[in-house]
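okay, here's the prediction I keep looking at, along with the sequence it came from:
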Protein chains: 2
Amino acid sequence: MKSVAATRPIGFLIGDLARLMRRRFERRLAGSDTGLTVSEARTLAMVEHYSGWRQTALADRMGIEPMTLSGFLDRLEAAGLVVRKPDPNDRRAKLITLAPAATPVLERIHEEMVAIRLEALEGFSEEDADRLYALLQRMHGNLCCCGPEELS
Amino acid sequence: MKSVAATRPIGFLIGDLARLMRRRFERRLAGSDTGLTVSEARTLAMVEHYSGWRQTALADRMGIEPMTLSGFLDRLEAAGLVVRKPDPNDRRAKLITLAPAATPVLERIHEEMVAIRLEALEGFSEEDADRLYALLQRMHGNLCCCGPEELS
DNA sequence: GGCAGATAGTAAGGAGATCTGATTATATGG
DNA sequence: CCATATAATCAGATCTCCTTACTATCTGCC
């Protein structure tokens, strides 16, 4: 477990890939007329998947701070794509759901995501893709919690 | 090649991983007294590897715009970690090399990179790590050039 | 019931990475 | 020797994300 590290650090490789994919996704979103940024699109897709969750839970699931999510939701709500409704059980909390106008936008987003996936995994067998995916998720599991918070 | 896409888009997974690793690397760099940001550290590591290259070539290799690199080099040069010397064959160009002061800083950077790699790949066999690395690099090859520049 | 402390959301502000477009100096081909 | 291309940089913008502090509300305990 050292041969690989010498070639190019895994963190930089992942960072490069993220930059490349983000760039493509940005251009595609600009090409569609969604008017969304990458993170807004991601947020919308998360709201679709976790409809009715409160913001804190959603932010946690997304791995970002509640305040960061709040900004994205502000813009999505202003665009009429999501709705914040008060939690009947807790007046502090708001439950996030999709607005009807989100449907066609999400369709475009899904199309673009599929396209990028095809580009990124071109030439991959289904097994390769599955293996890659499994390895990435293991890595995510290693990193997502229990972070180095004792550093501060 | 569709089962995986339904779970979580590969682009967002890569983006999440990049965010997680960047965060850890940031904290570690702050913990060391390098005073560098993640991108500056990456730039320094690239200069180490591609010593004597001109900025355009370096930016190209790093997958960023020359102007972006220029900013990082400004700060690294101000910190006395790299040197810009004029290319004797082309007075427009500058060749980037390490300054002597970079040596201990690079050592710290390498240590932190190794630590992050260990965290990220904890529990991975060497074969898994190699496989992951190979798959990621294939993906990088698919994306790094021939991008969707016809979109604009 | 009523307060102490936790929790949900947000306002304010900032840092970092990255881009685009314009500018200057230099090189190079015809 | 000029037209065009290239190397680096200036100016300015966007996007993502964070920290800190504040308000409203909830919950457990006396």
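Cool, the structure landed. Numbering: from 1, shown residues only, chains lettered A, B, ... in the order given.

any low-confidence regions in chain A?
Across chain A, the ranges flagged by pLDDT under 70 are A:1-7, A:146-152.

dump the lengthiest strand in chain A to PDB, restricted to CA.
Looking across chain A with DSSP state E, the single longest strand is strand A:90-98. Taking C-alpha atoms only, strand A:90-98 is exported to PDB below (Å, rounded to 0.1, in the frame of the first residue of the first chain):
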ATOM      1  CA  ASP A  90     -41.700  21.800  16.100                       C
ATOM      2  CA  ARG A  91     -42.300  25.400  15.200                       C
ATOM      3  CA  ARG A  92     -38.500  26.000  14.900                       C
ATOM      4  CA  ALA A  93     -38.100  23.500  12.200                       C
ATOM      5  CA  LYS A  94     -39.000  23.600   8.500                       C
ATOM      6  CA  LEU A  95     -39.700  20.700   6.300                       C
ATOM      7  CA  ILE A  96     -38.400  20.900   2.800                       C
ATOM      8  CA  THR A  97     -40.400  19.600  -0.100                       C
ATOM      9  CA  LEU A  98     -40.300  20.000  -3.900                       C
END
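
who's in contact with the helix or strand following it?
Next helix or strand after strand A:90-98 toward the C-terminus (DSSP states H and E): helix A:102-120. By CB atoms under 8 Å, 6 or more residues apart in numbering or on different chains, the residues outside helix A:102-120 that reach it are A:21, A:24-25, A:28-29, A:32, A:34, A:36, A:41, A:44-45, A:47-48, A:81-82, A:98, B:5, B:9-11, B:139, B:142-143, B:148. Every residue, glycine included, has its C-beta placed from N, CA and C.

among these, which ones are in helices?
Among these, DSSP state H puts A:21, A:24-25, A:28-29, A:41, A:44-45, A:47-48, B:5, B:10-11, B:139, B:142-143 in helices.

of those residues, list those near DNA strand C.
Among the ones in helices among the contacts of helix A:102-120, no residue sits close to DNA strand C (CB under 7 Å from any atom of the strand).

now residue A:117: how far from DNA strand D?
Going from residue A:117 to DNA strand D by CB to the nearest atom of the strand, to the nearest Å gives 19 Å.

ok, and the closest non-adjacent residue to the residue positioned nearest the centre of chain A?
The residue lying closest to the centre of chain A (CA atoms, centre = their mean) is residue A:42, at 4.1 Å. Excluding its sequence neighbours, the residue lying closest to residue A:42 (CB to CB, 6 or more residues apart in numbering or on different chains) is residue B:12, at 5.7 Å.
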